[in-house]
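Participant: task: produce atomic coordinates for the following.
(4 chains)
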Number of protein chains: 4
Amino acid sequence: MGVVLGDNQYGKAQIRLMKVDRDAASHVLHDLNVSVTLAGDLAATHLDGDNAGVLPTDSQKNTVYAFAREHGVGEIEDFALRLARHFVDAQPTIHRARVHVEESPWQRVTLAGRPAPHSFTQTGAEGRTTTVTYDGRGEWVRSGITDLVLLSSTDSEFTGFLRDRYTTLAEADDRILCTSVNAQWRHGSTEVDWAKSFETARTAVVEAFADTYSRSLQQTLYAMGERLLEACEGVAEVRLSLPNRHHFLVDLSPFGLDNPGEVFHVDDRPYGLIEGTLLRDDATAAPEAW
Amino acid sequence: MGVVLGDNQYGKAQIRLMKVDRDAASHVLHDLNVSVTLAGDLAATHLDGDNAGVLPTDSQKNTVYAFAREHGVGEIEDFALRLARHFVDAQPTIHRARVHVEESPWQRVTLAGRPAPHSFTQTGAEGRTTTVTYDGRGEWVRSGITDLVLLSSTDSEFTGFLRDRYTTLAEADDRILCTSVNAQWRHGSTEVDWAKSFETARTAVVEAFADTYSRSLQQTLYAMGERLLEACEGVAEVRLSLPNRHHFLVDLSPFGLDNPGEVFHVDDRPYGLIEGTLLRDDATAAPEAW
Amino acid sequence: MGVVLGDNQYGKAQIRLMKVDRDAASHVLHDLNVSVTLAGDLAATHLDGDNAGVLPTDSQKNTVYAFAREHGVGEIEDFALRLARHFVDAQPTIHRARVHVEESPWQRVTLAGRPAPHSFTQTGAEGRTTTVTYDGRGEWVRSGITDLVLLSSTDSEFTGFLRDRYTTLAEADDRILCTSVNAQWRHGSTEVDWAKSFETARTAVVEAFADTYSRSLQQTLYAMGERLLEACEGVAEVRLSLPNRHHFLVDLSPFGLDNPGEVFHVDDRPYGLIEGTLLRDDATAAPEAW
Amino acid sequence: MGVVLGDNQYGKAQIRLMKVDRDAASHVLHDLNVSVTLAGDLAATHLDGDNAGVLPTDSQKNTVYAFAREHGVGEIEDFALRLARHFVDAQPTIHRARVHVEESPWQRVTLAGRPAPHSFTQTGAEGRTTTVTYDGRGEWVRSGITDLVLLSSTDSEFTGFLRDRYTTLAEADDRILCTSVNAQWRHGSTEVDWAKSFETARTAVVEAFADTYSRSLQQTLYAMGERLLEACEGVAEVRLSLPNRHHFLVDLSPFGLDNPGEVFHVDDRPYGLIEGTLLRDDATAAPEAW
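Facilitator: Residues are numbered from 1 along each chain as shown, chains lettered A, B, ... in the order given. Model prediction:
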């Protein structure tokens, strides 16, 4: 028998960087979690422990910090593009770089009714993400949102579903719908106003959730993706992953009480998980981006 | 040798309740995590497995859900008081009840420029808490805030500290100060406008953080507590626990770069932990409350 | 512009099942975390909210529990195969089922020097996994191990690596190597003694780690994969993901102390991440399995 | 109104230390998570930001690492005592030190049937703990165990309990009992064979769990504490905190199946929480220890 080395990659994960822009009196924060993944001519280190072609993950980390100082951070898509291009262009052994960035939002504190110049509070788990892939010839940019928790307290039903021997679920004509949106969308080019595009995409997702009467979380997923593609012209493809965070109506009848959609038990596990992809019909597929 | 049964208690922890107020067209959410702890005449179950005096934790859970329907939730302090009084007053074997509630905030979604009637997004890890203790004679109410993350990008130093053989820390005359506030304050009575008191307390903490030039996190802690006691007349005592979330300036000199307070590495562990209590000087101590 | 629905799937994630085999005086535990994912003719629910072809995720959960009673659990690969086949074969709208199972190990407690018949203790985060995919024509079985934490306190170096402008890492000729193995291997058939195969695979991974002098974690990864393929004849392919859990030698020289590989700071983030695939050279690829 | 500074303390939390004993060919690991808390004459830093009496938490961390090299680690109680004494005795402003240590277990890997000299695998979340308090006059040592998960698949019932209006729980005459033991016990002196004492205590807890027919988790708690006090002569007091990890029998009757104690749903939240203290009847209380 022979053994063949197949796909492989390596990198530094979860580099935690806080960049403070101090040029103006009013400071600006960039709170990032950066992961770098490199692939290329790496057979020697696997087969013989010969590291001559291996850029240490420690150097990757240093590069992230140094680039933040040399070039600033700005929009995370630009920051990731700069890093990805560098790793491939600078090292002949590195043929593909993928840089994933998650940015955590901070909000300026109000002090005596006015925005404080350098005091901030962290707002939530929701993050803005990007994943950039560069292979020396092409580059692909995904933007995304993670852990955007949305809840609708009505206008959601789940009825008319398939029933089999193991089905006990009652039809629900008015339920809570709650999900934590993880969405990623692929841009058709790198000439994008990233900040504006992100705001447009986020608004599309939130508004689609809020004004869709939902017959299934799949329908809501499709509405989110369609709205995003309509709103963001340059986006070719969107992938959504929506956990269904179940809220179960508590049976209060043993206590002589009704429960007209008011009191719910929130369960952690198990949860539904709905995943789907929507594509612009004139877009070309780009498996390299994912 | 003989063995004595000392202090003991039991209860149901982390009852996850979502209560939707649907009376108006615009729904209101109460997203609670409730823990109940009971103490009393419980020797028999420990010594003989005789459960005649034990109210099941399952019944405690049911009570939480039923009370949400019967009485609504309203302010969490009121909800916890109602529950604590019930457990002690209804059962002769239960001599003390402690009810802890953490409320997670939700924010109404904006749809086409207007607040959506029944769509919400979750905003952050920050929670509002209460812990109510009732023993049949007295009752004690603590309110609190948890995981309020605050960061100041300047106006913080740490200098002039004690140095010993193991001290290598450099004096820092301009550092990032970041903490996650966990504060609890004890009210002198139960006749309080809980919502207003909480907002006043939270604002006091945030503003004390934002406009204190900090020479140590201890100084900031004291400023927070003092401001809270000044702003909330009915509060007798406040306890704060402040992790010091270290942001380390990255040494970029190997790359020929300076770093004037701009690029930081954020570390998870270890972290500093500063804890302190402030009391109104005319307040009486209340160990039963804690 | 038109929008196209691309790949999509749905299911119930993290169904927590404890199955007790009570046939013999000495009980046996099967502690499982099961996730089901279904794909098929699901356009209608996305486009119109028509759920006629949707088997509720609640029914999937029920099926898992019912099958545990009807057929027992046994080896997790068999349990997952049984479930995957059922979902596709029973429902015309479901064209592909993927069932992922993670089993948590329990160890029988020793009581007065003898194995207790029905008392157990949980041993660690390490889990045994399987992922089975079935599309009505073919079926693919992966087995795996997750969170197997291994540490070598010597016989590991990292030298001779590529250096660029951002490299400050010193050569290390004697370091701690620590990783948490996540491995999955694809079987060439379903006629396998799963329990024996798993034990053989696990031993191969652990022993490869223990007796490889490591010049890079990549080299260790390759040794693990190669050893596994050699030991398990029926395995066609193995994929490994190895975080590099950094242990940094603490500089004790400011305190007049040396540190000959004895005192280490353990860091959480960032961490290295090494990923690779090894294939038997006569194996055919099976992208459907992943 | 005046404000008074009450109890306060500070320190460094979660210092992650790996100490390798390399004196023999067969290495030994000490994997510790150390937290230091200091109290004393600290009003000045709170009130004025005067840090002259503040030993930086960074120095505390350095001391932990340096002591590991200077004195070795050995048993965690000795390591914590050494540190606690140092902080108080070396600094006039520090009047009380508390050092908490959690040790994570590693197991030597077997290689070709023999124990490997320097390769290890991590076994579980269970940890051994100590908390030492020293105030310049007295010192108090607690030892403990954390996250010891135990399950009994029979010989547990919960019947005869109090019923009120909100009770729906059925009597259970054969249920799964599962808990994650967190226990701490206070020693009467510091002249103890810590390793032997810990093994004796752990065995007492596990065996009490395994051979107690349980009518309530409280009864099991008492049995654990009593057995520990009987087995460890020098222990004055033991405190136990036992979450009740509910395993619910799944109702399979809708599928025409019985379920004679075989198939359980494991729930995360809510959970019961049983807490209790047992004291040797001739022991003196020591609130300073807790």
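Participant: show me what from the stretch 101-250 of chain A comes close to chain B.
Facilitator: When proximity is defined by C-beta under 8 Å from any C-beta of the partner chain, the stretch 101-250 of chain A lies next to chain B at A:106, A:109-112, A:116, A:118-125, A:148-155, A:176, A:206-207, A:209-211, A:247, A:250. Using the backbone N, CA and C atoms, a C-beta is placed for each residue, glycine as well.
Participant: ok and the residue in chain A nearest chain D?
Facilitator: Among the residues of chain A, A:Asp268 lies closest to chain D, at 4.6 Å counting by C-beta to the nearest C-beta.
Participant: shouldn't that residue be within a helix?
Facilitator: No. Counting by DSSP: H, G, I helix; E, B strand; the rest coil, A:Asp268 falls outside a helix, being coil.
Participant: can you tell me the closest non-neighbouring residue to it?
Facilitator: Leaving aside its sequence neighbours, A:Asp268 sits nearest to D:Asp268 (C-beta to C-beta, 6 or more residues apart in numbering or on different chains; 4.6 Å).
Participant: for that neighbour, grab the count of nearby residues.
Facilitator: 14 (other C-beta atoms under 10 Å in any protein chain shown).
Participant: now which of the residues of the stretch 101-250 of chain A next to chain B would you call buried?
Facilitator: Buried residues within these, counting neighbours by 16 or more other C-beta atoms under 10 Å in any protein chain shown: A:106, A:109, A:111, A:116, A:118-125, A:148-155, A:176, A:206-207, A:209-211, A:247, A:250.
Participant: helices or strands up against the helix or strand encompassing A:Leu38?
Facilitator: Element membership for A:Leu38, per DSSP states H and E: strand A:28-40. Strand A:28-40 is packed against strand A:3-13, strand A:15-21, helix A:57-71, helix A:76-90, strand A:94-104, with contacts defined by 3 or more C-beta pairs under 8 Å, 6 or more residues apart in numbering or on different chains; DSSP states H and E.
Participant: and after it, which helix or strand comes next?
Facilitator: Next in sequence after strand A:28-40, counting helices and strands by DSSP H and E, comes helix A:43-48.
Participant: next, the buried residues of that next one.
Facilitator: A:Ala44, A:Thr45, A:His46.
Participant: now do stretch A:126-136
Facilitator: Neighbour counts over stretch A:126-136 (16+ other C-beta under 10 Å) mark A:Glu126, A:Gly127, A:Arg128, A:Thr129, A:Thr130, A:Thr131, A:Val132, A:Thr133, A:Tyr134, A:Asp135 as buried.
Participant: how about the third one, nearest residue that isn't a chain neighbour?
Facilitator: Spatial nearest neighbour of A:Arg128, excluding adjacent residues (C-beta to C-beta, 6+ apart): A:Glu103 at 4.7 Å.
Participant: how's chain A carved up into domains?
Facilitator: Here the domain parsing of chain A from automatic domain parsing is A:10-130, A:138-290.
Participant: Throw those into CSV and include mean pLDDT, thanks.
Facilitator: CSV is the format used below for the domains of chain A (pLDDT from 0 to 100):
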stretch, mean pLDDT
domain A:10-130, 97
domain A:138-290, 97
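Participant: so who does the closest residue to A:Gly2 other than its chain neighbours touch?
Facilitator: The spatially closest residue to A:Gly2, leaving aside those adjacent along the chain, is C:Asp281, at 3.8 Å (C-beta to C-beta, 6+ apart). For C:Asp281, the contacting residues are A:Met1, A:Gly2, A:Val3, A:Val4, by C-beta atoms under 8 Å, 6 or more residues apart in numbering or on different chains.
Participant: these two touch, right, the third one and C:Glu226?
Facilitator: Okay, so that is A:Val3. Yes. Using C-beta atoms under 8 Å, A:Val3 is in contact with C:Glu226, at 5.1 Å.
Participant: who touches both of those two?
Facilitator: Applying C-beta under 8 Å, 6+ apart, one finds that A:Val3 and C:Glu226 are jointly contacted by C:Leu278.
Participant: residues in chain A within reach of chain D, list them.
Facilitator: Within chain A, the positions lying close to chain D (C-beta under 8 Å from any C-beta) are A:Arg165, A:Tyr166, A:Thr168, A:Pro254, A:Phe255, A:Asp268, A:Arg269.
Participant: and the residues you listed, which are buried?
Facilitator: Among the residues of chain A next to chain D, those buried by neighbour count (16+ other C-beta under 10 Å) are A:Tyr166, A:Phe255, A:Arg269.
Participant: spit out the contact partners of the first one.
Facilitator: A:Tyr166 makes contact with C:Ser59, C:Asn62, C:Thr63, C:Ala66, D:Phe255 under the criterion C-beta under 8 Å, 6+ apart.
Participant: burial count for A:Met1?
Facilitator: For A:Met1, the neighbour count with other C-beta under 10 Å is 10.
Participant: for it, what are its contacts?
Facilitator: The contact partners of A:Met1, by C-beta under 8 Å, 6+ apart, come to C:Leu229, C:Glu230, C:Arg280, C:Asp281, C:Asp282.
Participant: now those: which count as buried?
Facilitator: C:Leu229, C:Arg280.
Participant: isn't A:Leu32 right up against A:Val73?
Facilitator: Yes. The pair A:Leu32 and A:Val73 passes the contact test of C-beta under 8 Å, sitting 6.9 Å apart.
Participant: those two: which is more packed in?
Facilitator: A:Val73 (27 against 23).
Participant: ok so the more buried one is a strand residue?
Facilitator: No. Using three-state DSSP, the assignment for A:Val73 is coil, not a strand.
Participant: wait, doesn't it sit right on A:Lys19?
Facilitator: Yes. Using C-beta under 8 Å, A:Val73 is in contact with A:Lys19, at 4.7 Å.
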